[in-house]
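J.: Below are the sequence and a predicted model for it; my questions follow.
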Amino acid sequence: MIEQFCDWLSRTNVSVAFQSADWFVPLVQTVHIIAIAILLTSVYVLSFRLIGLTRGAQSLATLSAKSTPWFWTALCVLLVSGTLLTITEPARELLNWAFRVKMLMVLTLAGVLWMVQLRMRQNPEYWTESPARRHAARAVGLVAVIVGAGIVTAGRWIAYV
Amino acid sequence: MAVEQALTWLQDLNFPTQIRESVWLFPTIETVHVFALVLVVGSIMTVDLRLLGLANRERPFSELAREMLPWTWVAFAVAAVAGLLMFSSKALIYYGNIPFRIKMCCLLLAGINMALFHWLGTRHLETWDRKQPPKPAKFAGGASLLLWTTIVAAGRWIGFTT
């Protein structure tokens, strides 16, 4: 089923046009990497604060509010550029387990960040108001750090598996 | 040529040979390189966008730089070590590769730009720390943004030309 879809997609005019332009994949991958750079940096700066590994002049709630638009904008760019790469080489992406793991981790990270930001919008002190919440913040931050690294790892291994 | 002899000697060393011949070693080192590089680029871009007045305008520049630059340096050290290991495994091929040379030239220029900004651009920082930076500082931020984007693009192009 997926194989047939990949075969159909790779024969469409759009896919053939993308495949025939030598510059297209490297260019879109460059945009993709820069979007990952913005996304991962915003996630790591916030996560390290949640874990308690760094301190900053801004409050956690302010930092979260500032990083929110960067995270979601970068995620949109990632999804658009990722879709273009998938249209160009459907089988390379959709039939690859590393790609599927990457997508699962992107969804996980988006869910975690959405939850962190939502809680802080409702209550700016949410993650710091009790020892239990501080423990939860550390756990959530750690998950975001690991999943963020996992996204880069799975993304790179798409080329090798 | 002396350079080619030196590169042949380098890539024939034990560990570079292992990297070249292993199925998983090169992709693993490359993953570390990409992971560190995206943190370098992301942290530098945060500072560059502040210099250009496009983000974090309300924050003092010195405060933002103090928070972001440790990320840059730690990630850069990791990216450099991983990059050197990758280079050592196919030194002759990379040496002759045009995108690789462009990447290295841009890295050098980005380093010079950063050093010049550090020595000259921050001389009167107290006068603009909380405001729009002066034109030379904006130029340094724009140049850095352009150079790092080229470094990423050239780095990606290496994979399509080796």
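T.: Structure's in. What do you need?

J.: alpha carbons only for contacts and neighbour counts from here, please
T.: OK.

J.: which parts of chain A sit against chain B?
T.: A:26-27, A:29-30, A:33-34, A:36-41, A:56-57, A:149, A:152-153, A:156-157, A:160 (CA under 8 Å from any CA of the partner chain).

J.: Restricted to helices, list those residues.
T.: A:26-27, A:29-30, A:33-34, A:36-41, A:149, A:152-153, A:156-157 (DSSP state H).

J.: So which residue is dead centre in chain A?
T.: With distances taken as CA atoms, centre = their mean, the residue of chain A nearest its centroid is A:Val106 (4.5 Å).

J.: Test my guess that A:Val161 contacts A:Phe99.
T.: No. With contact defined as CA atoms under 8 Å, A:Val161 does not count as touching A:Phe99 (9.6 Å).

J.: The two: which has the busier surroundings?
T.: A:Phe99 (21 against 11; other CA atoms under 10 Å in any protein chain shown).

J.: circling back to that earlier point, list the contacts of the residue nearest to the centre of chain A.
T.: Contacts for A:Val106 (CA atoms under 8 Å, 6 or more residues apart in numbering or on different chains) come out as A:Val147, A:Ile151.

J.: If we use 10 Å, what do you get?
T.: By CA atoms under 10 Å, 6 or more residues apart in numbering or on different chains, the residues touching A:Val106 are A:Leu75, A:Leu78, A:Leu79, A:Arg100, A:Val112, A:Val147, A:Gly148, A:Gly150, A:Ile151.

J.: Relative to B:Phe100, how far out is the residue nearest the centre of chain B?
T.: Residue closest to the average C-alpha location in chain B (CA atoms, centre = their mean): B:Leu107, at 5.4 Å. Distance of B:Leu107 to B:Phe100, computed by CA to CA, to the nearest Å: 11 Å.

J.: Next: B:Ala154.
T.: Distance from B:Ala154 to B:Phe100, by CA to CA: 7 Å.

J.: Could you tell me which residues touch both of these two?
T.: B:Cys106.

J.: Neighbours of residue 148, how many?
T.: Picked chain A for this. 23.

J.: I was after chain B.
T.: B:Trp148 - counted by other CA under 10 Å - has 23 other residues nearby.

J.: Let me know the secondary structure of it.
T.: helix (DSSP: H, G, I helix; E, B strand; the rest coil).

J.: circling back: common neighbours of A:Val161 and A:Phe99, please.
T.: A:Arg92, A:Ala154.

J.: need the longest helix for chain B.
T.: helix B:61-89.

J.: picking that back up, what helix or strand does the residue nearest to the centre of chain A sit in?
T.: Here A:Val106 sits within helix A:97-122, counting by DSSP states H and E.

J.: do the same with B:Ile29
T.: helix B:25-51.

J.: Check which helices and strands the helix or strand where A:Cys6 lies sits against.
T.: Per DSSP H and E: A:Cys6 is located in helix A:2-11. Identification of packing neighbours for helix A:2-11 by 3 or more CA pairs under 10 Å, 6 or more residues apart in numbering or on different chains; DSSP states H and E yields helix A:13-20, helix A:60-88, helix A:90-94.
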